[in-house]
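Novice: after the sequence you'll find the predicted model.
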Amino acid sequence: MPFRSGYVAIVGRPNSGKSTLVNALVGRKVAIVSPRPQTTRNRIHGIVNRANAQLVLIDTPGLHKPDSALNRQMMQEAAGALDGVDILSLMVDASEEPGPGDRFALDWMRRFRGTSFLLLNKIDRIPKALLLPLIDSYSRQHDFAEVFPISALTGDGLVPLVENWIARLPQNPPYFPTDQFTDQPERFLAAELIREKAILATREEVPYALAVLIERFEETERLIRIHATLSVERDGQKGILIGKGGAMLKRIGTAARLEIEHLLGTKVYLELFVKVHPNWRQNPALVRQLDWHRQLAQMSAHELPGNDEP
Ligand SMILES: Nc1nc2c(ncn2[C@@H]2O[C@H](COP(=O)(O)OP(=O)(O)OP(=O)(O)O)[C@@H](O)[C@H]2O)c(=O)[nH]1
Ligand SMILES: [Mg+2]
């Protein structure tokens, strides 16, 4: 059988389940997940390796009208995911009434000229009878090559989806080594896992006002030493993150450390700091610091981990 490989971008409204799907198919957590919209801020590759195929899934920030430098960067990240992809997949939360946000997402994806799929997600939450009218309505609005009702959470419908994607990919050797599962550097994965634990532990504005930067990432023989800064926009948010006697920050740190250790397969020493950067989301220079694609491109070869050559 010929080897097939290619890129599939997953786009859609915030909170529709894109990252959940990518994690389910890769078989490990490459993208953080939360019940709040706008969790994902960068495009992320999740690589699915099969005996006869390699599928590079691109998880993207949820599509929305941007109102800050951060949100504009997120939408640029989503737009960048369309470059050169083989298949675009629009994900819709089938358990929500269609609204203006869905029309925005549909209009946004029309810029893509190639093959597009519609994924109706969260079907575990709705009666089957609601699916047909939904499929009908979307099919009238756009010429989708395929429509798949799925549940990223339970795994329902995922096998035929993956088979169909692979069947449409060109014959190509793999793009990435077949034991690789993401394009993210380990330090970015670590920052994201810390952000996920902080999002899950807090409410209201705090999850949105939060950014995590890794200040130090040192690998020794026995462990990885990580120093990370959690930035928020106001003193009150800082107080919430730290908690009474530091209890909240400790809880976030422990949860993050356990998961980073699991993912990287090594002991981790994790230290967290909290800083206030008023209105960082409106500040393009600060927002750019969160873009690891850009950081990576700016690093010269000898700065990249594992390469000591000048
Ligand atoms: N019931 C149900 N919940 C789901 C399903 N897929 C995702 N979820 C939940 O939906 C919420 C959002 O999931 P995410 O994967 O973070 O959504 P996303 O589209 O990546 O969101 P953004 O990154 O904000 O754009 C989480 O609470 C998931 O557990 C599903 O198939 N069924
Ligand atoms: Mg996401």
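Specialist: All right, it came through fine. Ligands and ions are numbered 1, 2, ... in the order given.
Novice: and stretch 10-23, how far apart are its ends?
Specialist: End-to-end distance of stretch 10-23 (Cα to Cα, to the nearest Å): 12 Å.
Novice: I'd like the distance from it to the chain centre, please.
Specialist: Distance of stretch 10-23 from the chain centroid (Cα atoms, centre = their mean, to the nearest Å) equals 8 Å.
Novice: excluding its backbone neighbours, what's nearest Met1?
Specialist: Distances taken as Cβ to Cβ, 6 or more residues apart in numbering place Asn52 nearest to Met1, at 4.8 Å, with adjacent residues excluded. All C-beta atoms are positioned from the backbone trio N, CA, C, and that covers glycine.
Novice: for that neighbour, phi and psi?
Specialist: Main-chain dihedrals, Asn52, degrees, to the nearest 10: phi -120, psi 10.
Novice: before we move on, what about the one 5 residues further on?
Specialist: Leu57 adopts backbone torsions of phi -90, psi 140, taken as degrees, to the nearest 10.
Novice: next one: Lys267
Specialist: According to degrees, to the nearest 10, Lys267 has phi -70, psi 150.
Novice: that one bridge partners, please.
Specialist: Judged by DSSP bridges, the bridge partners of Lys267 are Leu223.
Novice: check whether it really touches Ile226, as I assumed.
Specialist: No - using Cβ atoms under 8 Å, Lys267 is not in contact with Ile226; the gap is 11.1 Å.
Novice: ok, those two, which is more surrounded?
Specialist: Ile226 (25 against 13; other Cβ atoms under 10 Å).
Novice: surely the more buried one and Ile214 touch.
Specialist: Yes - using Cβ under 8 Å, Ile226 is in contact with Ile214, at 6.3 Å.
Novice: what is in contact with those two at once?
Specialist: Arg187, Ala190 (Cβ atoms under 8 Å, 6 or more residues apart in numbering).
Novice: where do the strands sit along this protein?
Specialist: For the chain, applying DSSP state E gives strands covering 4-12, 44-50, 53-59, 87-93, 115-121, 146-149, 211-219, 223-232, 267-276.
Novice: could you pull up the mean pLDDT of the second one?
Specialist: Which is strand 44-50. For strand 44-50, mean pLDDT rounds to 97.
Novice: with the fourth one instead?
Specialist: Model confidence over strand 87-93, given as mean pLDDT, is 98.
Novice: ditto for the shortest one
Specialist: The average pLDDT for strand 146-149 rounds to 98.
Novice: can you check the first one too?
Specialist: In this model, strand 4-12 carries a mean pLDDT of 98.
Novice: tell me how many other residues crowd Leu130.
Specialist: Close neighbours of Leu130, defined as other Cβ under 10 Å, add up to 14.
Novice: need the contact list for Ile240.
Specialist: Contacts were defined as Cβ under 8 Å, 6+ apart; by that measure Ile240 touches Thr202, Val206, Met248.
Novice: what pLDDT does Pro310 get?
Specialist: If you check Pro310, the pLDDT there is 35.
Novice: out of the strands of the chain, which gets nearest to ligand 2?
Specialist: strand 53-59 (6.0 Å; Cβ to the ion).
Novice: export the strands of the chain to TSV and tack on distance to Lys244?
Specialist: Below are these laid out as TSV (distance: least, Cβ to Cβ, whole Å):
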stretch	distance to Lys244
strand 4-12	39
strand 44-50	35
strand 53-59	36
strand 87-93	36
strand 115-121	39
strand 146-149	46
strand 211-219	22
strand 223-232	17
strand 267-276	14
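Novice: identify the residue nearest Arg257 in space, chain neighbours excluded?
Specialist: Excluding the flanking residues, the one nearest Arg257 by Cβ to Cβ, 6+ apart is Leu270, at 4.4 Å.
Novice: what's the spacing between the one you found and Val26?
Specialist: Relative to Val26, Leu270 is positioned 24 Å away (Cβ to Cβ, to the nearest Å).
Novice: equivalent analysis for Thr115, please.
Specialist: Distance from Thr115 to Val26, by Cβ to Cβ: 22 Å.
Novice: give me the more crowded residue out of those two.
Specialist: Comparing Thr115 with Val26 by other Cβ under 10 Å, the one with more neighbours is Val26, at 20 against 16.
Novice: residue contacts, Asn283?
Specialist: When contacts are counted by Cβ under 8 Å, 6+ apart, Asn283 touches Ala69, His277.
Novice: adding neighbour count and distance to Ala94, write the contacts of Ile240 out as CSV.
Specialist: As requested, the contacts of Ile240 are exported to CSV (neighbours: other Cβ atoms under 10 Å; distance: Cβ to Cβ, whole Å):
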residue, neighbour count, distance to Ala94
Thr202, 21, 29
Val206, 20, 30
Met248, 18, 35
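Novice: quick one: residues contacting Gly253.
Specialist: Ile194, Leu270, Glu271, Leu272 are the contacts of Gly253 under Cβ under 8 Å, 6+ apart.
Novice: quick one: which of these has the most company?
Specialist: Neighbour tally across those (other Cβ under 10 Å): the maximum, 28 neighbours, falls on Ile194.
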